[in-house]
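Undergrad: What would the 3D arrangement of this be:
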Amino acid sequence: MSQTPTLHDRYPELGRGNIPIGPYIDPAFYELEKKYLFKKTWLHVGRVEEIPKTGDYFVREIAACDASIIVCRDRSKQVRAFHNVCSHRLNRVAYEPAGTTRKFFCKFHGWAYDLDGSLTGVPSEKHFMDFDKKCNGLTPVSVDTWNGFIFINLDPNPSVSLKDFMEPMFAGMEGYPFERFTACFAWNTVVNCNWKVALDAFQETYHVAYLHGRSIADSLDLDEEGILHPIDALCGEYHRRLSIAGNPNTVYGNPQAGTDASSASSVVSQQQETGRQIAKKALKVSAGGTKLDFSDVVLPELLNWTKAPNWAFDINVVFPDFYLSCRPNYFQAYNFRPVAHNKTLFEVRVYYPEMKTAGGRFYQEYMKTALRDVLLEDLSTLETTQTAAETGAKSEMIIQDFELMVRHQAVVVDRIIEEGLRRDSQLQAAE
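TA: Residues are numbered from 1 along each chain as shown. From the prediction side, this is the model:
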């Protein structure tokens, strides 16, 4: 009797065994991740809309890279990135998390740097010996953009361009209207767990019926056992994707809410009385509430690649720690950035189109509250998971088919660290 193919059948190279816990709790392994992953990989740090004008900048403190990074818009409108370190006595030159400036100034001795990183002002310059301003600008950081997302790479000579890093998995995302989602809300928090523990909780569907049973479970397309099966999953050399089905008769599960007047209205008329009157009202009054017209948007083929009729959204995980969930009516951009081997900075950004009606604003506020509650549910297990892992009671985690992306992450992290160690060993042998 033939067995129904599983997601794992497509990726035999990932294996089917249990996942070792060591990489989630070992400080030495985290040091290897810092060296071979975070200091060598393209990292998402923001969007171009955060620095629209000349002189706009923001600063990102990236503990996993032991770095403070300035990202700014220079006088030629180019996006630039620099280490936030003065060339003189190594003080900082940008002190606020974001702002607008003509130049960056060191508060210690007044050295000044232009927006392109060049050193332009040195008090008492004549008293420096054998000194050349042209050779002492801010240290540049590799920076590039993909669909309006800004990425940096701490490697001065990245082994792969951002384009080549993204395209094998995400070519064809062009056309998604990222730039039309101009209303954003955000949360940041530090969670006492390994970054992989945190990200794992967001890249599988097995937990939905249980952890989210009182919030959004009925908004998604559950099977007869109440389990959320992913529509499909794709794993690449670095990145991974998951496609999720929803219940369009709910506000959370309807991918057209707020942007499509006709579909939202018809859905409300079909919705069963479930006691969720506020959710029903939010879906109804949101219809056609967007300030911008979305009727001309043709979503890229990459979204809902199986053409499932009840598709709700896709989860895209950009290695190592960027989570991008895309729907027709909003998108979520999360970073799971390690602070230590057992601490993670969880950065949440959710982008909606600006609304023109009171009903549209009500829908957004409802969704903000609903998502907040869902995130609190997701976060509720992470610190206890980390604590349990550190007891040593178990040495491995058992993985089922819908947790393929958890396995893929573990395999890719191991592979990249092994490749880095092998390169270093070869270099040492050559010396």
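
Undergrad: mind listing what residue 403 touches?
TA: Contact analysis of residue 403 by Cβ atoms under 8 Å, 6 or more residues apart in numbering lists 200, 204, 206. From N, CA and C alone the C-beta is placed, and that goes for glycine too.

Undergrad: Surely the last one and residue 227 touch.
TA: What that stands for is residue 206. Yes. Counting by Cβ atoms under 8 Å, residue 206 does reach residue 227; the two are 7.1 Å apart.

Undergrad: shared neighbours, those two?
TA: Common neighbours of residue 206 and residue 227 (Cβ under 8 Å, 6+ apart) are residue 402.

Undergrad: In helices only, show me the contacts of residue 403.
TA: Of the contacts of residue 403, the ones assigned to helices by DSSP state H are residue 200.

Undergrad: Most neighbours among the contacts of residue 403, which one is it?
TA: residue 200 (25 neighbours; other Cβ atoms under 10 Å).

Undergrad: and that one, what does it touch?
TA: 403, 406, 409.

Undergrad: Ramachandran angles for the second one?
TA: Going back to what we said before, that points to residue 406. phi -60, psi -50 (degrees, to the nearest 10).

Undergrad: Help me confirm that residue 44 is found in a helix?
TA: No. Assessed with DSSP: H, G, I helix; E, B strand; the rest coil, residue 44 is strand; it does not lie in a helix.

Undergrad: Distance of it relative to residue 89?
TA: Here residue 44 is placed at a distance of 32 Å from residue 89 (Cβ to Cβ, to the nearest Å).

Undergrad: what about these two, which has more around it?
TA: residue 44 (22 against 10).

Undergrad: So in terms of bridging, what pairs with the more buried one?
TA: Beta-bridge pairing for residue 44 (DSSP bridges): residue 151.

Undergrad: Do I have it right that it meets residue 318?
TA: Yes. Using Cβ under 8 Å, residue 44 is in contact with residue 318, at 6.6 Å.

Undergrad: Can you give me the buried ones in stretch 171-183?
TA: 173, 176-178, 180-181, 183 (16 or more other Cβ atoms under 10 Å).

Undergrad: re earlier: in JSON lines: the contacts of residue 403, plus distance to residue 369 and pLDDT.
TA: Output for those, formatted as JSON lines (distance: Cβ to Cβ, whole Å; pLDDT from 0 to 100):
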{"residue": "200", "distance to residue 369": "26", "pLDDT": "96"}
{"residue": "204", "distance to residue 369": "25", "pLDDT": "89"}
{"residue": "206", "distance to residue 369": "26", "pLDDT": "84"}
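
Undergrad: Residue 234: which of the contacts of residue 403 is nearest?
TA: residue 204 (14.4 Å; Cβ to Cβ).

Undergrad: and the gap between the closest one and residue 402?
TA: With distances taken as Cβ to Cβ, residue 204 is found 6 Å from residue 402.

Undergrad: Likewise for residue 175?
TA: 29 Å.

Undergrad: Could you work out the end-to-end span of stretch 323-341 for me?
TA: Stretch 323-341 stretches 20 Å from its first residue to its last (Cα to Cα, to the nearest Å).
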